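> 3D, please:
(2 chains)
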2 protein chains.
Amino acid sequence: MNAQNIFQHPPASLPVEVAENLVSRADFRIERIISRGHCSSPGFWYDQAENEWVIVLAGRARLRFEAAAESVALGPGDYLHIPAHVRHRVDWTDPERDTVWLAVFYR
Amino acid sequence: MNAQNIFQHPPASLPVEVAENLVSRADFRIERIISRGHCSSPGFWYDQAENEWVIVLAGRARLRFEAAAESVALGPGDYLHIPAHVRHRVDWTDPERDTVWLAVFYR
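Model prediction:
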């Protein structure tokens, strides 16, 4: 049983944000997401059927909830719970380095 | 919607390893576990009904699987998947600092 490292093997180029499944089941998924200056398209909101628990493990990001006036700043170790259908978007991620997210989606 | 930080508010004293639920559902759970030199009792093996996906976010640990000759060294970012009923134990955690684990248990 060997360990893998969440910070290893980031994609060399990142034209778009990259998400990989670390665990994938019918009603449950763990994803590693890597952003490098990416953010959601103007006017786009995630509206997910699944609940999401998400933590930033490296880098910096700003997450915006439609119901909130201001975005939430996230750095290493910061986590949030996003219930299903709570509309949100990524306003900003650090363009200078990789932002590594760990996201757990569940029904 | 405010973020919390996984590294904040560690218990001041840690006579035993401390686990807290960050998310808890009937068939799904996310735990923060903090160890400070703790390890499993001699001869003890975890034999869990749930699958576990676990990552070390800070500190150092050694995890031992019953079926393996040697323990697996884990540091920040290292993760493992432990299927249900795969017997394992914590052989060692760093006595000098907190080891912060994030564990996702699911059926």
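
> which residues touch stretch A:58-71?
Residues from elsewhere that reach stretch A:58-71, judged by Cβ atoms under 8 Å, 6 or more residues apart in numbering or on different chains: A:7, A:35, A:45, A:72-76, A:80, A:86-94, A:97-101, B:1. C-beta here means a position set from N, CA and C on the backbone, and glycine is covered the same way.

> Mark which of the residues you listed are buried, thanks.
Neighbour-count burial (16 or more other Cβ atoms under 10 Å in any protein chain shown) is assigned, among those, to A:35, A:72, A:74, A:76, A:80, A:86, A:88-90, A:92-94, A:98-101.

> what number of residues lie near the closest residue to A:Leu80 other than its chain neighbours?
Using Cβ to Cβ, 6 or more residues apart in numbering or on different chains and skipping the chain neighbours, the partner closest in space to A:Leu80 is B:Ala3 (5.0 Å). If you count neighbours by other Cβ atoms under 10 Å in any protein chain shown, B:Ala3 ends up with 17.

> and what of A:Asn2?
Residues near A:Asn2, counting by other Cβ under 10 Å: 7.

> what helix or strand is it on?
Following DSSP states H and E, there is no helix or strand that holds A:Asn2.

> Show the contacting residues for it.
By Cβ under 8 Å, 6+ apart, the neighbours of A:Asn2 are B:72, B:80.

> what about 10 Å?
Contacts for A:Asn2 (Cβ atoms under 10 Å, 6 or more residues apart in numbering or on different chains) come out as B:68, B:72, B:78, B:80.

> Please apply the same query to A:Asn21.
A:29-32, A:105.

> any idea which element it lies in?
Here A:Asn21 is assigned to strand A:18-25, by DSSP H and E.

> Any buried residues in that strand, and which?
A:18, A:22.
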